[in-house]
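what would the 3D arrangement of this be:
(chains A, B, C and D, ligands or ions: 6)
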Amino acid sequence: MNQFLTKAKILENVEVGPNVFRLTFEAEEVAEAAKAGQFVMIKTATEASDDPILRRPFSIHRVDGKRVFILYKVVGRGTKNLAKQQMEIDLVGPLGNGFTIPEEGNVAIVGGGLGIAPLLFVAQQAIRKGRKEEEILILIGARTSAEFPVVDDFRKRGLKVRTATDDGSAGHHGLVTELMDMEGDWTVMTCGPAPMMRAVAKRCEEKNWDCQVSLETTMACGMGACLGCAVRGKVKHEYKHVCKDGPVFKAGDVCL
Amino acid sequence: MNQFLTKAKILENVEVGPNVFRLTFEAEEVAEAAKAGQFVMIKTATEASDDPILRRPFSIHRVDGKRVFILYKVVGRGTKNLAKQQMEIDLVGPLGNGFTIPEEGNVAIVGGGLGIAPLLFVAQQAIRKGRKEEEILILIGARTSAEFPVVDDFRKRGLKVRTATDDGSAGHHGLVTELMDMEGDWTVMTCGPAPMMRAVAKRCEEKNWDCQVSLETTMACGMGACLGCAVRGKVKHEYKHVCKDGPVFKAGDVCL
Amino acid sequence: MKPKLEVEIGNLHLQNPVMTASGTFGYGREYENFVDLQTLGAIIVKGISLEPRPGNPPPRIVETSCGMLNAIGLENVGLKRFIKEKMVALRRYHTSVIVNILGNTIEDYCHLCEQLSDVNGVSAIEVNISCPNVKKGGVAFGTDAKIVYQITGAIRKKTDLPLIIKLSPNVTDITLMARAAEEGGADAISLINTLLGLAIDVKTKKPKLANVVGGLSGPAIKPVALRMVWQTANAVNVPVIGIGGISSTRDAIEFLLAGASAIQVGTANFINPAVTGEIVTGIHDYLRDNDIKSVSELVGSVILPED
Amino acid sequence: MKPKLEVEIGNLHLQNPVMTASGTFGYGREYENFVDLQTLGAIIVKGISLEPRPGNPPPRIVETSCGMLNAIGLENVGLKRFIKEKMVALRRYHTSVIVNILGNTIEDYCHLCEQLSDVNGVSAIEVNISCPNVKKGGVAFGTDAKIVYQITGAIRKKTDLPLIIKLSPNVTDITLMARAAEEGGADAISLINTLLGLAIDVKTKKPKLANVVGGLSGPAIKPVALRMVWQTANAVNVPVIGIGGISSTRDAIEFLLAGASAIQVGTANFINPAVTGEIVTGIHDYLRDNDIKSVSELVGSVILPED
Ligand SMILES: Cc1cc2nc3c(=O)[nH]c(=O)nc-3n(C[C@H](O)[C@H](O)[C@H](O)COP(=O)(O)OP(=O)(O)OC[C@H]3O[C@@H](n4cnc5c(N)ncnc54)[C@H](O)[C@@H]3O)c2cc1C
Ligand SMILES: Cc1cc2nc3c(=O)[nH]c(=O)nc-3n(C[C@H](O)[C@H](O)[C@H](O)COP(=O)(O)OP(=O)(O)OC[C@H]3O[C@@H](n4cnc5c(N)ncnc54)[C@H](O)[C@@H]3O)c2cc1C
Ligand SMILES: Cc1cc2nc3c(=O)[nH]c(=O)nc-3n(C[C@H](O)[C@H](O)[C@H](O)COP(=O)(O)O)c2cc1C
Ligand SMILES: Cc1cc2nc3c(=O)[nH]c(=O)nc-3n(C[C@H](O)[C@H](O)[C@H](O)COP(=O)(O)O)c2cc1C
Ligand code: FES
Ligand code: FES
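Residues are numbered from 1 along each chain as shown, chains lettered A, B, ... in the order given. Ligands and ions are numbered 1, 2, ... in the order given. As a prediction, the model looks like this:
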């Protein structure tokens, strides 16, 4: 596995939605090695500061040549610091296991809120793997229409997108799982808030669809060394490690 | 005593010499209250960071209307962080006691290296107090000519400046104290490296000139509360506190 | 309805639980440009000894990661000048004043206590048995439960003022020290004082402090302080006052949740001289926003996992 | 002339004084993309118990100011899988491997020691008597000098491998524990393990760690660690290995100056996965630039003030 520690030049770090930023940096090796669903760990403290001490994990939103894109929301100290950086970032990656894009069959991508971040890359790779546009379905849920920073990016690629909002301000008024009314065989890849992923996984179980979930948890090392990123497995007292066994898991392998 | 805690808008933060920056910010109350020789304590950590934890003290270089100027050298973590800030700074000040500009007689200003920072303000105030240009003499020492960021600022004000460099690259080849060959009665105000200030104080003692020195030390609070900024007084086991009793002292009151 | 901020520490009534930690707020007036001193729960002044002390030679402070080491050496104006000058100035404010005391012998502490008991405006006494900086008065007292019991008992006899024993964190089991102080008659326990630390300059190969070792304070020590406060609050029946790295309302609430009846703000005063006033307001707002009627409801209300 | 980086820890020869702290470097290979493992002084692996352990429920880590709390709960693959899988992989590198062990009883430790003594490639054993996370195997052993003596003596009889006793900092007098380990037959003392800490979420009112308390590590604790290493190096005759917040060459040198014969890098691996290799180079350059022939000259060479 190829992983890199590098200082990457920031090409852009701009607000694309309310408190949502898109960070673009140049990191050729990372871009080449990256697979959809993998993540990078970014140092958010300034060079002359020890605080916040831990790197922050962010999914790779997409890659384009040497360029790597991250989509992130400012929620706390680390992301606040990150939003101020304009010169270069110190990152480690790509880390973790990505989504497994099936060789054939339909692919449904179900994103909730900022969980959409890694999913554009999934679509990108599915297309690269020869999947036709009509075999890919994108379902995105959010609280309100203001939280759809990347819908257009999917549409630009000719992909079918259906949206749902809690407040009905765009698309279906309700839950994104209510859009999962497809027929036939699907592989479902999902990322978003835990309750949403639970609902998606449940729907998949009912329909007997393969379901891959991307989990989040606090991380220290990001590479399987600290054992800090444990989540409960299906067996009692069995733990999985998000950074190494995931962040993408088969829905049946973890407690959501 | 009027002291303020304020977030001030940065107007400029630029490199004006090798690793020497000039920071200009808008802080009307501070500008109005400030006296030459006083300082401000600046938070150098980003808003979302606890490190470096302590504020850093910087002399007020000069004021102009609402604007306050700081001249600083990047030497460590705090100043490295400061050099990157472009939006606003969090500061406390003005703090400490300034120079006492005599009502009459000649004023010699002797600066070494970045010790020159507070001295432009001294000249500014001496002129404001009605002192004529010819009653003010500026002597500046540095290792090399590259380290004279503010000489022109004095000259622009019509002040006599004589310089000395260790390497002879500008002005007198030698020590700045060798330029102290004035006749008559002088009040000498000095700021710079300790050995230089010791030499200046010694020369003043020989000539029976009044000598005021501006000291530096590590500080935590900057306002007389922590007692961390002690320097030795002339009596054994007597300590002076730079932030409250100084930073400007009569040369005879402290161990240099 | 306005939430109730008042707290009782033994028979000491405070208008709110926010105090200034000894040695970090001078004698109070140093901060009057930044905090309305009358809004504070109490001002705890720099530690006072019988005779004035010059303190340690410089350097006395050094910055560390998210913290600082200090070896001030308990510099203070001494009891006489404190009473004549500092106390007179402090009396003008309608704020509780708690006097932190230190000595080399049990007799020193007793004398200090006796004399302060008669001073108008002194609301309580906090006994520093934990300062690591001065050989005799420091570590020895605060790290041996028997001596903690002995010294508390001796002082207790000398004063009717509320008596707060301030503990050192440099011990194996903080609850033993707390219980010893309680049994000795303390009205409250405050903790933690600083952790003993060292820093060396790799260029000069010398310790960065003239005193070699110093006391670590600031956000760096907060998790240790919070743990000790929680342990202590579960071990004694007297009120516990939480200290250590408190820099924000959130930090203060953490200590209250862990079982502290009140808190002290130390190093944070240096970073934000207005912080104590902000925390008073912050606690008020937290109570209001969470529909909590009184600070006392919050105290010790941390929710532990069942297992 | 090339400065000499080799150090001897008892009869353990290391090519340089830089090791990885147990629990922060996995079983070594996790970092092979970032560090040439063969340039390290030694790899100390995650603590191993007789049986595999699942560890604590999540959340297991929480960030604090310049540090982190962990309550991993000593999750590990157990002795059998360690020997069969991890050790086989590690043997391919020509680097000393030190196995950190933990147990619930003295017998556990003895069994572990016995069995590891026969495993090809194990260079030394480090005994974790200090982990605060597991009730039985943790605090109790490491905070009582008598038990430290007893456990060291018992293990000593079971192995000829160099024996390193790793101490807990949560004690009043670290030198008592160090001397007890020395008298029990330890070849070296390593310190510090984590400081016990707590963090509470003010929104949920629950502890941030499922285990409630956890171990504090990182730059925040460096001053405390350095002080304890200095005290210990002055109290025992066996070599001392310094641990605690070491994140840079400068930090490492501080510990060597304070008296550590070697150092371990822990939490810093998470922040900069290449840091151990950088410190090896950094120490080399420091020695060269300061005309110091050998690391051993540096050890304990802090210059104290005369008074
Ligand atoms: C594998 C992985 C991929 C991720 N990808 C993205 C991404 O593409 N875009 C994005 O915006 N975020 C992503 N996250 C979440 C991101 O890492 C956190 O938002 C970030 O670490 C918060 O840091 P902070 O310092 O700003 O917030 P903190 O101050 O640390 O925390 C602020 C709030 O966020 C919560 N929080 C902190 N870390 C996490 C976390 N890892 N998961 C959930 N809640 C958390 C805290 O409990 C707190 O309530 C990802 C997380 C993981 C584990
Ligand atoms: C009253 C006063 C006025 C000052 N005015 C100015 C000014 O106008 N311009 C300016 O550039 N600097 C000034 N200084 C010095 C300035 O405060 C320090 O350079 C600054 O604090 C260094 O911070 P740092 O984090 O970058 O360095 P650190 O990482 O803290 O230290 C880097 C190096 O600088 C040394 N150092 C740190 N603080 C001081 C200090 N206060 N005095 C001397 N050496 C120190 C350290 O020992 C170390 O060798 C003043 C200091 C005082 C006390
Ligand atoms: C500069 C300084 C001086 C101190 N002086 C005293 C003192 O005189 N008496 C005392 O009991 N504690 C003293 N302390 C300890 C503080 O009161 C407090 O217990 C400790 O700093 C931890 O709190 P903090 O992390 O909020 O600073 C001092 C602390 C500092 C930083
Ligand atoms: C995530 C984590 C896991 C740890 N696991 C162990 C362990 O299994 N055995 C042990 O002796 N120490 C363990 N430690 C303690 C470290 O080895 C080290 O003593 C401590 O973290 C202090 O060093 P640092 O500040 O450089 O991290 C662990 C520390 C961390 C942060
Ligand atoms: S974050 Fe360290 S093992 Fe996953
Ligand atoms: S810096 Fe605190 S008293 Fe001077």
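
A:Y239 touches D:R53, doesn't it?
No: with contacts counted by CB atoms under 8 Å, A:Y239 stays clear of D:R53, the gap being 10.4 Å. All C-beta atoms are positioned from the backbone trio N, CA, C, and that covers glycine.

burial of C:G73, as a residue count?
Here the neighbour count serves as a burial measure; for C:G73 (other CB atoms under 10 Å in any protein chain shown) it reads 22.

again with A:R203
Each residue near A:R203 was counted by other CB under 10 Å, and the total is 18.

surely it is within a strand?
No: per DSSP: H, G, I helix; E, B strand; the rest coil, A:R203 lies outside any strand segment and is helix.

who's in contact with A:E12?
For A:E12, the residues meeting the contact criterion (CB atoms under 8 Å, 6 or more residues apart in numbering or on different chains) are A:R22, A:L23, A:T24.

A:Y239 and D:R53: which has the busier surroundings?
Of the pair A:Y239 and D:R53, A:Y239 is the one with more neighbours under other CB under 10 Å, namely 23 against 19.

which neighbours do A:Y239 and D:R53 have in common?
Common neighbours of A:Y239 and D:R53, counting by CB under 8 Å, 6+ apart, are D:E75.

if we can go back for a sec, now the contacts of A:E12: which count as buried?
With burial judged by 16 or more other CB atoms under 10 Å in any protein chain shown, the buried subset of those is A:R22, A:L23, A:T24.

of these, which is the nearest to A:L227?
The shortest approach to A:L227 among the buried ones among the contacts of A:E12 belongs to A:L23, at 28.6 Å (CB to CB).

run a quick neighbour tally on the nearest residue to the closest one once chain neighbours are set aside.
Nearest residue to A:L23 in three dimensions, chain neighbours excluded: A:I70, at 4.3 Å (CB to CB, 6 or more residues apart in numbering or on different chains). Other residues near A:I70 come to 23 when the count uses other CB under 10 Å.

secondary structure element holding A:I70?
For A:I70, the element it lies in under DSSP states H and E is strand A:67-73.

equivalent analysis for C:I43, please.
C:I43 belongs to strand C:42-44 when elements are defined using DSSP H and E.

other residues contacting that strand?
With contact meaning CB under 8 Å, 6+ apart, strand C:42-44 is reached by C:14, C:19-22, C:25, C:28, C:37, C:90, C:93, C:95-100, C:123-124, C:126, C:264.

what lines up beside the helix or strand just after that strand in the sheet?
If you walk from strand C:42-44 toward the C-terminus, the next helix or strand you reach (DSSP H and E) is strand C:61-64. In the sheet containing strand C:61-64, its partner strands are strand C:67-70 (antiparallel), by DSSP bridges.

what's the spacing between whatever helix or strand comes next after the strand it pairs with and its chain's center?
The helix or strand immediately downstream of strand C:67-70 is helix C:78-81, counting by DSSP H and E. Relative to the centre of its chain, helix C:78-81 is centred 20 Å away, using CA atoms, centre = their mean, to the nearest Å.

buried residues in helix C:78-81?
Applying 16+ other CB under 10 Å to helix C:78-81 flags C:L79 as buried.

now stretch C:33-48
Applying a neighbour-count criterion of 16+ other CB under 10 Å, one finds C:F34, C:V35, C:L37, C:L40, C:G41, C:A42, C:I43, C:I44, C:V45, C:K46, C:G47, C:I48 buried in stretch C:33-48.

which of the contacts of A:E12 lies closest to D:F270?
Checking the contacts of A:E12 against D:F270 with CB to CB, the nearest one is A:L23 at 21.2 Å.

which residues are in contact with the helix or strand containing the closest one?
Secondary structure assignment for A:L23, by DSSP H and E: strand A:20-26. With CB under 8 Å, 6+ apart as the test, strand A:20-26 has contacts from A:8-16, A:61, A:66-74, A:79, A:82-83, A:88-89, A:91, A:114, A:147, A:149.

now do it, average pLDDT.
Strand A:20-26 shows a mean pLDDT of 97.

return the helix or strand following it as CSV; C-alpha atoms alone will do.
Later in the chain than strand A:20-26, the nearest helix or strand by DSSP H and E is helix A:28-33. In CSV, the C-alpha atoms belonging to helix A:28-33 read as follows (Å, rounded to 0.1, in the frame of the first residue of the first chain):
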residue,chain,number,x,y,z
GLU,A,28,0.5,13.9,-7.5
GLU,A,29,1.4,10.7,-5.6
VAL,A,30,-1.7,10.9,-3.4
ALA,A,31,-3.9,11.6,-6.4
GLU,A,32,-2.5,8.6,-8.3
ALA,A,33,-2.8,6.2,-5.4
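
now do helix A:28-33: distance to the chain's middle.
17 Å.

repeat that for stretch C:166-180.
The mean C-alpha position of stretch C:166-180 is separated from the chain mean by 14 Å, CA atoms, centre = their mean.

end to end on it, go ahead and measure it.
One end of stretch C:166-180 to the other measures 12 Å (CA to CA, to the nearest Å).

need the CA coordinates for the strand holding A:L23. CSV is fine.
Included here for strand A:20-26 are C-alpha records, laid out as CSV according to Å, rounded to 0.1, in the frame of the first residue of the first chain:
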residue,chain,number,x,y,z
VAL,A,20,-18.7,24.2,3.7
PHE,A,21,-15.3,24.6,2.1
ARG,A,22,-13.7,23.0,-0.8
LEU,A,23,-9.9,22.5,-0.5
THR,A,24,-7.9,21.8,-3.6
PHE,A,25,-4.3,20.9,-3.4
GLU,A,26,-1.6,19.5,-5.6
